[in-house]
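Below is the structure, and that's it, no one-letter string:
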Ligand code: SF4
């Protein structure tokens, strides 16, 4: 999440609120944090104030001085803590907003970008409050973790609250699918009757033992059962495959396995690895130049596409991909994480390319080269 540092005054407990530049009338301010340049701005009725004016007088109320208020937008939702850290938990201009249901997980994936914690405070009350602060026009909200199903039925509380507060917003749940091996749990998700919900589930190999080695648990067949149960209740499912040294060789076989066993999935995303968390710790074991798995990736993507399924490629750089599969690439990297490097200057595909994870600034393909001519249409 984007985060900036300010200097806090009168802040003891976290302040959670929606950013406002003072447009609301006095009765609609109780959930808002005022952002202003002017030292004399009236902060009456607001939860707190963020300003770049050192002379600002808080009159005993919470406020935070930052270097530049240009980082804020009307409708963002932030948490200001006692250390003056301002954490953007929702960005109005982003298409990648998500709720962290829990940081706990029942898997220990060798490339997990966010290693799980063992214990934590229940995040559901906080998440319910966030949902109420999000803009009503939000296109999509992710529910992620950790493993979101570890919060049990509270997951459905979140789904139902989003449905009520943000009726036009799609939901994307990222889960390892294990809990859905319980038919009743899959049924409860279906009973939420959300009109636009997709559940994305990682599958790393067509061989159970290999998948289990990657996720650090013997759960392959539970995930498979979870997929069948979700399909039984007509839930929209996406599959995710993270590509690294341990998964790339059997991508075509995995694609074939998916085609034969899970023809009902709405999409299959092949994802370049983000090198943070455990992926950074296990870098030598996992990292390979994405250029070096192009043959397997191309075969897997075209195998699915030729058979009428919907493959996608996430987090990839267009110049590294073979031309005939570039059209499957998505701009999948969250805005706050995505960067371009100097080699991208002047590239004709910059606007369409996902770019790089900030964390992959050093670890990227050695085949990055700006594209100066487009020889063919990159749409599928
Ligand atoms: S040069 Fe940069 S912007 Fe262009 S395709 Fe490659 S990675 Fe993307």
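Happy to help now that I have it. None of these values were measured; they are calculated from a predicted model.

pretty sure residue 68 is touching residue 52, no?
Yes - counting by CB atoms under 8 Å, residue 68 does reach residue 52; the two are 6.1 Å apart. Backbone N, C-alpha and C define where each C-beta goes, glycine included.

Neighbour count: those two, which is higher?
Set residue 68 next to residue 52 and count neighbours by other CB atoms under 10 Å: residue 52 wins out with 15 against 8.

and the closest residue in space to that one that isn't next to it in sequence, how many neighbours?
Of all residues not flanking residue 52 in the chain, residue 69 sits nearest, at 5.2 Å (CB to CB, 6 or more residues apart in numbering). When neighbours are counted by other CB under 10 Å, residue 69 registers 15.

And the closest residue to the ligand within the stretch 151-300 of the chain, how close does it get to residue 371?
When distances are taken as CB to the nearest ligand atom, the stretch 151-300 of the chain reaches nearest to the ligand at residue 290, 10.5 Å away. To residue 371, residue 290 is 16 Å away according to CB to CB, to the nearest Å.

before we move on, what about residue 188?
From residue 188 across to residue 371, the span is 48 Å (CB to CB).

which residues touch the residue lying closest to residue 372 once chain neighbours are set aside?
Counting by CB to CB, 6+ apart, residue 348 is the residue found nearest to residue 372 once chain neighbours are left out, at 6.4 Å. Residue 348 makes contacts with 370-374, as judged by CB atoms under 8 Å, 6 or more residues apart in numbering.

hang on, the earlier thing: more neighbours, residue 290 and residue 371?
Neighbours were counted for residue 290 and for residue 371 using other CB under 10 Å; residue 290 has more, 25 against 19.

and that one, what are its phi and psi?
phi -50, psi -30 (degrees, to the nearest 10).

Would you list the strands that the helix or strand of the chain with the lowest mean pLDDT pairs with, along with their directions?
Of all helical and strand segments in the chain, the minimum by mean pLDDT, DSSP states H and E falls on strand 338-339, at a mean of 84. When pairing is defined by DSSP bridges, strand 338-339 lines up against strand 356-357 (antiparallel).

The protein: helices as residue ranges?
Taking DSSP state H as the test, the helices found in the chain are 124-133, 154-165, 183-191, 208-215, 220-232, 251-261, 278-281, 283-286, 294-306.

buried ones in the fourth one?
What that stands for is helix 208-215. Buried positions in helix 208-215, judged by neighbour count with 16 or more other CB atoms under 10 Å: 210-215.

on that earlier part again, contacting residues for the residue of the stretch 151-300 of the chain closest to the ligand?
By CB under 8 Å, 6+ apart, the contact set of residue 290 is 243, 272, 316-317, 320, 365.

what does the model give it for pLDDT?
According to the per-residue confidence, residue 290 scores 97 in pLDDT.

same thing with residue 211?
98.

Please apply the same query to residue 64.
In this model, residue 64 is scored at 94, pLDDT.

do you know how far the spatially closest residue to it that is not a sequence neighbour is from the ligand?
Counting by CB to CB, 6+ apart, residue 6 is the residue found nearest to residue 64 once chain neighbours are left out, at 4.0 Å. Distance, residue 6 to the ligand, by CB to the nearest ligand atom, to the nearest Å: 33 Å.

What of residue 138?
For residue 138 relative to the ligand (CB to the nearest ligand atom), the value is 28 Å.

wait, doesn't that residue sit right on residue 165?
No - using CB under 8 Å, residue 138 is not in contact with residue 165; the gap is 9.8 Å.

Who has more neighbours out of these two?
Shown here are residue 138 and residue 165; by other CB under 10 Å, residue 138 has more neighbours (20 against 15).

Flag every residue of the stretch 251-380 of the chain that's near the ligand.
317-319, 340, 343-344, 347, 349-350, 353, 368, 370-371 (CB under 6 Å from any ligand atom).

out of the residues you listed, which are buried?
Neighbour-count burial (16+ other CB under 10 Å) is assigned, among these, to 317-319, 344, 347, 349, 353, 368, 371.

Need the max-distance pair from those.
By the measure CB to CB, 349 and 368 form the most distant pair in those, at 11.6 Å.

Return every residue with contacts to both of those two.
Counting by CB under 8 Å, 6+ apart, the residues touching both residue 349 and residue 368 are residue 319.

list the contacts for residue 229?
180-183, 185-187.

try 10 Å this time
177, 179-187, 189-190, 235 (CB atoms under 10 Å, 6 or more residues apart in numbering).

re earlier: lowest-confidence entry in the contacts of residue 348?
pLDDT across the contacts of residue 348 is at its lowest for residue 374, which sits at 77.

Understood, closing this out.
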